[in-house]
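Visitor: I need the structure of the sequence given here:
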Amino acid sequence: MFQSLHRLIIKIWWAWFYTLAAIQTILYFPVLALILLLPRGYAKLFWIARNIWSRVILHGSGFYLSFEDTHKLKTETNCLLIANHSSYMDVFLMFILNKTPFTFVGKKELYSIPIFGYIYKRAAIMVDRSDSKSRYGVYGRANSLLKEGYNICIFPETNYLDETEVLADFKHGAFKIALENNLPIIPIVMFDCKLKFPWYPIFGQPGQLRAKVLDRIEVNGLTEEDIPDLIAKTRKIMRDELLADPKGVPLKAANKYRELKNK
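Guide: I've put the predicted structure just below:
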């Protein structure tokens, strides 16, 4: 009885989250559509996404934020931001965490969402992972945005939906972009989203969401042959940081999913 009531409350909470996201998208749509027609319009859209949209969704869903070592985001050049991806909340955390405008590399499937898809198509670098031409086209689009002064943000995990893993294996695309443009890589780890607001409304709760900016990784002098080692190094740094969480939340979340999966 109690378990059924708890799951119902979680589903209502999720419905509230979607309502917050949808209402804002509809309300802001006319303004955002006009903004994207302006030169440097994305910078203005980013400000709205960071200071209004993301904060209303996160705080309205019952979360408060705690960031560590944000000074490490300051760089004199463009950079590539990479982070673990375990929740819808990750996107909003990334917006609030970063003052410098960046653009996501994201799934093409999101373009099909009514209204939101129109903005998404013009604000993000879309990729169809099943299409090699689409994957290759990401590099050209990324290079163009970097020239305009924007940073690039990628969630590099191959199977981020596997919640039984603290951190899944990485795709190589993000690292190829870094090498082609000589971009320092800035890893970011988010500790709580997997447990507090996972991909599926099985469990979760409002509360603190923490993120930490790690030391940047330089790619000067590296070639494509070095990408496997660069991936392994970066993933190890991020995974070790997640496992070293003094609250043990990432491991607790992964273990909880394993238990549910084995029932």
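
Visitor: Can you pull the poorly scored residue ranges out of this structure?
Guide: Scanning the chain for pLDDT under 70 picks out the ranges 1-2, 107-115, 122-123, 126-140, 263.

Visitor: what about the strands in it?
Guide: 63-68, 80-83, 102-107, 125-127, 151-154, 185-190, 207-213 (DSSP state E).

Visitor: With distance to residue 3 and mean neighbour count as added columns, please give those in a markdown table.
Guide: Just so you know, the C-beta spots here come from the backbone N, C-alpha and C atoms, and that holds for glycine as well. Below are those laid out as a markdown table (distance: least, C-beta to C-beta, whole Å; neighbours: other C-beta atoms under 10 Å):
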| stretch | distance to residue 3 | mean neighbour count |
| --- | --- | --- |
| strand 63-68 | 24 | 15 |
| strand 80-83 | 32 | 25 |
| strand 102-107 | 33 | 19 |
| strand 125-127 | 39 | 20 |
| strand 151-154 | 37 | 24 |
| strand 185-190 | 28 | 24 |
| strand 207-213 | 20 | 19 |
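
Visitor: With residue 161 as the reference, name the closest of those strands.
Guide: strand 102-107 (11.5 Å; C-beta to C-beta).

Visitor: Adjacent strands (with direction) for the closest one?
Guide: Using DSSP bridges, the strands paired with strand 102-107 are strand 125-127 (parallel), strand 151-154 (parallel).

Visitor: got these as JSON lines, with distance to residue 117 columns?
Guide: Output for those, formatted as JSON lines (distance: least, C-beta to C-beta, whole Å):
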{"stretch": "strand 125-127", "distance to residue 117": "10"}
{"stretch": "strand 151-154", "distance to residue 117": "19"}
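
Visitor: and of those strands, who's closest to residue 73?
Guide: strand 151-154 (9.1 Å).

Visitor: can I get the CA coordinates of the closest one in CSV?
Guide: Taking Å, rounded to 0.1, in the frame of the first residue of the first chain, the C-alpha atoms of strand 151-154 are listed here in CSV:
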residue,chain,number,x,y,z
ASN,A,151,31.6,26.5,-26.3
ILE,A,152,30.4,23.0,-27.1
CYS,A,153,28.8,20.7,-24.5
ILE,A,154,28.5,16.9,-25.0
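
Visitor: who's in contact with it?
Guide: Applying C-beta atoms under 8 Å, 6 or more residues apart in numbering, the contact partners of strand 151-154 are 78-83, 94, 98, 100-105, 125, 142, 145-146, 173-174, 177, 183.

Visitor: Over to stretch 168-184?
Guide: Contacts for stretch 168-184 (C-beta under 8 Å, 6+ apart): 75, 77-80, 82, 105, 135, 138-139, 142-143, 146, 152, 154, 156-160, 162, 185, 216-220, 222-224, 226-228, 230-231, 234-235.

Visitor: which among those end up buried?
Guide: Buried by 16 or more other C-beta atoms under 10 Å: 78-80, 82, 105, 138, 142, 146, 152, 154, 156-157, 160, 185, 216-217, 219, 222, 227, 230-231, 234-235, out of the contacts of stretch 168-184.
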